[in-house]
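In: return atomic coordinates for the entry below.
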Amino acid sequence: MFNGNYGEEPVKCWIDGHCHLCNEPLNDTFGEEISQTYEHNVRLFLSTALNRNEIDWHLVNRRPEIKIVAGIHPFYDKSNIKDFDYLEEQCRKSNLWGIGEVGYDNRKNNHNYQKTILYQQLELAINYDLPVVFHVVHRYNELYQTLKNDFPTIRGFIHGFNGSLELVEMLSRLDIGFSLGYKILQNKDAYSVIRKILRRGLVVLETDSPFQRYPESEGFLTGLKGLINRICELSDYHEDDLFDKQWHTFRNIDN
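Out: Predicted coordinates for the structure are as follows:
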């Protein structure tokens with residue numbers, strides 16, 4: 001737990017590696033939901049803001065449990081390059097834990113825009129020594145080439161990873177990790193993929209709340225415990241080992 005001041009060193013805990021606390025309906029109940037996760041030792045939340053208004057919400061509702069991740073999304077309609085200067089201002093003021101979620105998404109035919117804004121944000125991450133949370137839809141090879149060729153020192157992780165074993169092997173050549181959410185549970189190769197990621201060691205878990213919700217959970221954020229249990233069942237990993245791996249990953253990426 002924390003002693004109460006923003007930026008203090010956190011004690012080892014479970015981490016929700018990707019959520020959107022500012023989005024409805026979670027933004028109305030986030031405080032209560034965070035309190036409910038404490039009984040499962042979930043005490044750290046990497047929460048994403050994708051435009052100026054969402055960044056401002058996080059600044060107004062700042063809490064020691066919440067690390068702010070902000071960026072310009074390649075697909076989200078409310079995310080726009082016009083907020084880039086404001087994003088850089090927050091980096092300069094040390095208000096952000098990381099840049100994200102940023103990346104490539106093939107659902108929009110605007111390749112040049114996506115590449116331009118991604119490169120600008122990766123430069124921000126380098127200039128301010130921040131980790132990056134990546135969003136990728138069917139363009140993993142392109143992300144791999146981007147990082148390998150132009151940004152080999154970037155640290156961070158791919159959120160909501162649900163790819164193949166071959167993709168895990170390719171992306172593991174980079175110094176980035178994987179964040180696993182509910183979708184990985186439906187992966188036809190879930191056992192092999194999860195085991196491969198866990199053996200490598202750079203892994204966090206996420207709810208992606210409120211956009212996803214664990215089916216057996218009463219709340220959005222409390223679903224992380226159900227995900228933890230299922231990951232352990234699918235991978236034959238002990239919960240203590242998973243706990244250590246996700247904490248090691250966070251500390252490694254947090255630098």
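In: list the contacts of Asn80.
Out: Asn51, Ile72 (Cβ atoms under 8 Å, 6 or more residues apart in numbering). The C-beta positions use only the backbone N, C-alpha and C, and glycine is treated the same way.
In: state the distance from it to Gly71.
Out: Distance, Asn80 to Gly71, using Cβ to Cβ, to the nearest Å: 12 Å.
In: please look at Pro25 and Pro210 and confirm they touch.
Out: Yes - counting by Cβ atoms under 8 Å, Pro210 is a contact partner of Pro25 at 6.2 Å.
In: and those two? which has more neighbours close in?
Out: Using other Cβ atoms under 10 Å as the criterion, Pro25 and Pro210 rank with Pro210 on top: 21 against 9.
In: burial check on the closest residue to the more buried one other than its chain neighbours, number of neighbours?
Out: Leaving out its chain neighbours, the residue that sits closest to Pro210 by Cβ to Cβ, 6 or more residues apart in numbering is Leu26, at 4.1 Å. Leu26 has 21 neighbouring residues, counting by other Cβ under 10 Å.
In: how near is Leu26 to His20?
Out: Per Cβ to Cβ, Leu26 is found 7 Å from His20.
In: cool, Ile158 as well?
Out: 17 Å.
In: what do you get for Leu50?
Out: Where His20 is concerned, Leu50 sits at a distance of 8 Å (Cβ to Cβ).
In: who has more neighbours, these two?
Out: Neighbour count, other Cβ under 10 Å: between Leu50 and His20, Leu50 has more, with 26 against 22.
In: just say helix, strand or coil for the closest residue to the more buried one other than its chain neighbours.
Out: Counting by Cβ to Cβ, 6+ apart, Leu50 lies nearest to Ser79, which is 4.3 Å off, once chain neighbours are set aside. Secondary structure of Ser79, reduced to three states by DSSP: H, G, I helix; E, B strand; the rest coil: coil.
In: quick one: contacts for Ser79?
Out: So Ser79 contacts Leu50, Asn51, Gly71, Ile72, His73 (Cβ under 8 Å, 6+ apart).
In: let's see that with 10 Å instead.
Out: Ala49, Leu50, Asn51, Arg52, Glu54, Gly71, Ile72, His73, Glu101, Val102, Ile117 (Cβ atoms under 10 Å, 6 or more residues apart in numbering).
In: again with Gly181
Out: 16-19, 159-162, 204-209, 211-212, 214, 223-224, 227 are the contacts of Gly181 under Cβ under 10 Å, 6+ apart.
In: what about those residues, which are in strands?
Out: Of the positions in those, Asp16, Gly17, His18, Cys19, Val204, Leu205 sit in strands, assigned by DSSP state E.
In: go through these and name the one nearest Arg43.
Out: Asp16 (9.4 Å; Cβ to Cβ).
In: for the closest one, give me its contacts.
Out: By Cβ under 10 Å, 6+ apart, the neighbours of Asp16 are 34, 37, 42-47, 65-66, 179, 181, 204-209, 220-221, 223-224, 227.
In: now the closest residue to His248 other than its chain neighbours. Its backbone dihedrals?
Out: The shortest distance from His248 to any residue other than its chain neighbours is 6.8 Å, reached at Gly201 (Cβ to Cβ, 6+ apart). Backbone torsions of Gly201, given as degrees, to the nearest 10, read phi 110, psi -10.
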